[in-house]
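[1] Pasting the sequence and the predicted coordinates here, then a few questions.
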There are 2 protein chains.
Amino acid sequence: MSKAIETVKAETTQGGARMAGGERRAQILCVAMRLFSQRGFSGTTTKEIAQEAGVSEAIIFRHFATKQELYRAILDFKSCAVGVVDPRVCVADAIRRKDDFAVFSGLARLLIDHHEQDTEFMRLLTHSALEGHELAQMFWDRNVRDLYDFLGGYVRERQREGAMREFDPAIVVRAFLGTVIHHSLNNTLWDKERRLLDITNERAADEFARILLEGVTTREGGTARARVGDKIKRPAPAARPRKSPNRKPTSK
Amino acid sequence: MSKAIETVKAETTQGGARMAGGERRAQILCVAMRLFSQRGFSGTTTKEIAQEAGVSEAIIFRHFATKQELYRAILDFKSCAVGVVDPRVCVADAIRRKDDFAVFSGLARLLIDHHEQDTEFMRLLTHSALEGHELAQMFWDRNVRDLYDFLGGYVRERQREGAMREFDPAIVVRAFLGTVIHHSLNNTLWDKERRLLDITNERAADEFARILLEGVTTREGGTARARVGDKIKRPAPAARPRKSPNRKPTSK
DNA sequence: GTCTGGTAAGTAAGTACTTACTTATTCATG
DNA sequence: CATGAATAAGTAAGTACTTACTTACCAGAC
């Protein structure tokens, strides 16, 4: 590769010219994240990272002792930076007003938007989960567990007030977050052209929230048929009492 | 590695002794699938595959011209084998009876069970989706698209009969399959110890179906509050008329 | 001068894939 | 039934190239 080409490429990625240590470090981190998210850890070579950053391979190892450490630094950096938009804060108002729809659609919107604008991190996280990287687990434990607790707590509260049915809150959260996260994953991983479903984030968030809250069947009971759940022997709620909610069928 | 050890290991994976061509090929395929699903394509070496299969590297290349071709063969094989349980057949009876709950819980149960017993394929598919492998796309297009059409069709039919609300069927399917698939993915990828939610497949399927059909809010309107959706400007249904259902609010 | 950001040119251990060769199995034939 | 060519399964030891990571050296700002 000629020097000229290398310089041009370097320019486009802000490489080339001499940089302050911190700057260069950040730039390498940035380039590496892009590549790791595209090709995974073992699918990305340090040589590629160096080329894309417009520097020689050696300076990568000046900033990061090993390839592993570079990867770790990325995951570390991102799993902190991701916390800047705290879902709890963003829907705090809706929670206070006990506006269920606003809570769920707001949360969904937040997540879908965030996933859309940070596709890289989503891919990176999935890669590292597959590869069994400890930091993926750490991120999951920290951020996702929090979300479950937070949302589950809200559901439990609304159940106590008689505004929600007696589902296990954890199941409700799983159902909702599943829909939302899968939607994002689907959009970035499998159906980038939106062939199966092409809707705005706003609409997706609203509809998902509506479906969760109202259900898809008509409440008036379209045809004269057995109510849902009549024929199933619902397993004793205490079978696995890990997280059994304060069930209290208030209303009615 | 001593000959003795190699023989033992070979025995456990049915390698070692001379095998008929087809047999050996199948065994390599099997071993390779396990390794690819654990470590991804570029994270797995042909040497490892050979060792685990208890043969020399050369015979891998006797059966498969390249590593890529081996990978392709696996994806090919699996994406066919996976079709043996056709969801459409399995819930055909419920469809005929128009038992919404049976349809959705049955389908969910089928998928979750299947994912649980074939974790390898799920991981493999995710890996290859991340790596942008064409065959992952093919599988998605073939199997998932079918499911969307099938389930979406059922929803549309029930809407025509006034038994379901006027959601875009594709959104309903996305919501439901999202919940189900995410549940599986969660169990195999992030939360293997089931710390966030530990329920049987049967219960998961039933609850997911109930939530989708009934919604989580009480129908009697626990507290005197605005009905869900009152304050939102629902986007004009014809905004993106891709798949707008034959809406016909029959009943009532 | 002496840090500091940078490089060119390594190195040892892998990597996918080949070659030249050895063994076991099959099976028509004398 | 024995036999021996044909064929298929298998291996040890490569090849050419890539990988993560090092070493020895350089140029400019303070």
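    It's in.
[2] So for the residue in the stretch 151-252 of chain A that DNA strand D sits nearest to, what's the nearest residue that isn't a sequence neighbour?
    When scored by Cβ to the nearest atom of the strand, the stretch 151-252 of chain A has residue A:189 as its residue closest to DNA strand D, at 23.6 Å. For every residue, glycine as well, the C-beta is placed using N, CA and C. Nearest residue to residue A:189, sequence neighbours excluded (Cβ to Cβ, 6 or more residues apart in numbering or on different chains): residue B:129, at 4.9 Å.
[3] How about the helix or strand where the one you found lies and DNA strand C, touching?
    Using DSSP states H and E, residue B:129 falls within helix B:119-130. No - judged by Cβ under 7 Å from any atom of the strand, helix B:119-130 and DNA strand C are separated, with a smallest distance of 14.5 Å.
[4] Name the residues of that helix that come out as buried.
    By 16 or more other Cβ atoms under 10 Å in any protein chain shown, the buried positions in helix B:119-130 come out as B:120, B:121, B:122, B:123, B:124, B:125, B:126, B:127, B:128, B:129, B:130.
[5] out of the residues you listed, what pair is the most spread apart?
    B:120 and B:130 (15.9 Å; Cβ to Cβ).
[6] phi, psi of residue A:193?
    When read as degrees, to the nearest 10, the backbone of residue A:193 gives phi -90, psi 0.
[7] circling back to that earlier point, helices or strands next to the helix holding residue B:129 in the packing?
    Packing contacts for helix B:119-130, counted by 3 or more Cβ pairs under 8 Å, 6 or more residues apart in numbering or on different chains; DSSP states H and E, involve helix A:119-130, helix B:21-39, helix B:67-81, helix B:134-139, helix B:169-185.
[8] CA-only coordinates of the first one in CSV, if you can.
    Which is helix A:119-130. Taking C-alpha atoms only, helix A:119-130 is exported to CSV below (Å, rounded to 0.1, in the frame of the first residue of the first chain):
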residue,chain,number,x,y,z
THR,A,119,-26.0,-0.3,17.1
GLU,A,120,-22.3,-1.0,17.6
PHE,A,121,-22.6,-1.5,21.3
MET,A,122,-25.5,-3.9,20.8
ARG,A,123,-23.6,-6.0,18.4
LEU,A,124,-20.5,-5.9,20.7
LEU,A,125,-22.6,-7.0,23.6
THR,A,126,-24.1,-9.9,21.8
HIS,A,127,-20.7,-10.9,20.5
SER,A,128,-19.2,-10.9,23.9
ALA,A,129,-22.2,-12.8,25.4
LEU,A,130,-21.7,-15.5,22.8
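[9] Can that helix be said to contact DNA strand D?
    No - using Cβ under 7 Å from any atom of the strand, helix A:119-130 never reaches DNA strand D; the gap is at least 14.3 Å.
[10] and the stretch 51-200 of chain A, which of its residues are near DNA strand C?
    Counting by Cβ under 7 Å from any atom of the strand, the residues of the stretch 51-200 of chain A that sit close to DNA strand C are A:54, A:55, A:56, A:57, A:58, A:59, A:62.
[11] ok, the second one touching residue A:25?
    No - here residue A:55 does not reach residue A:25: they are 11.2 Å apart, not a contact under Cβ atoms under 8 Å.
[12] neighbour count winner among those two?
    residue A:55 (22 against 18; other Cβ atoms under 10 Å in any protein chain shown).
[13] related to what we said a few turns ago, was I right about the residue of the stretch 151-252 of chain A closest to DNA strand D contacting residue B:132?
    No - using Cβ under 8 Å, residue A:189 is not in contact with residue B:132; the gap is 9.5 Å.
[14] more crowded one of the two?
    More crowded of residue A:189 and residue B:132, by other Cβ under 10 Å: residue A:189, with 19 against 11.
[15] any idea whether the more buried one is helix, strand or coil?
    Classification of residue A:189 using DSSP: H, G, I helix; E, B strand; the rest coil returns helix.
[16] so what's it scoring on pLDDT?
    In this model, residue A:189 is scored at 92, pLDDT.
[17] so what's it up against?
    A:123, A:126, B:126, B:129, B:130 (Cβ atoms under 8 Å, 6 or more residues apart in numbering or on different chains).
[18] Now do the closest residue to residue A:114 other than its chain neighbours: how many residues are near it, please.
    What sits nearest to residue A:114 in space, not counting adjacent residues and going by Cβ to Cβ, 6+ apart, is residue A:85, at 6.3 Å. Residues lying near residue A:85 (other Cβ under 10 Å) number 12.
[19] quick one: residue A:169 and residue A:150 touch, right?
    No - when contacts are counted by Cβ under 8 Å, residue A:169 is not listed as touching residue A:150 (10.7 Å).
[20] Output the contacts of residue A:189 in a markdown table; the columns should cover pLDDT.
    Converted to a markdown table, the contacts of residue A:189 look like this (pLDDT from 0 to 100):
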| residue | pLDDT |
| --- | --- |
| A:123 | 93 |
| A:126 | 93 |
| B:126 | 93 |
| B:129 | 91 |
| B:130 | 91 |
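[21] Looking at these, spot the one nearest DNA strand D.
    Once Cβ to the nearest atom of the strand is applied, the member of the contacts of residue A:189 that ends up nearest DNA strand D is residue B:130, at 17.1 Å.
[22] Let me know whether that closest one touches residue A:40 as I believe.
    Yes - here residue B:130 reaches residue A:40: they are 6.5 Å apart, a contact under Cβ under 8 Å.
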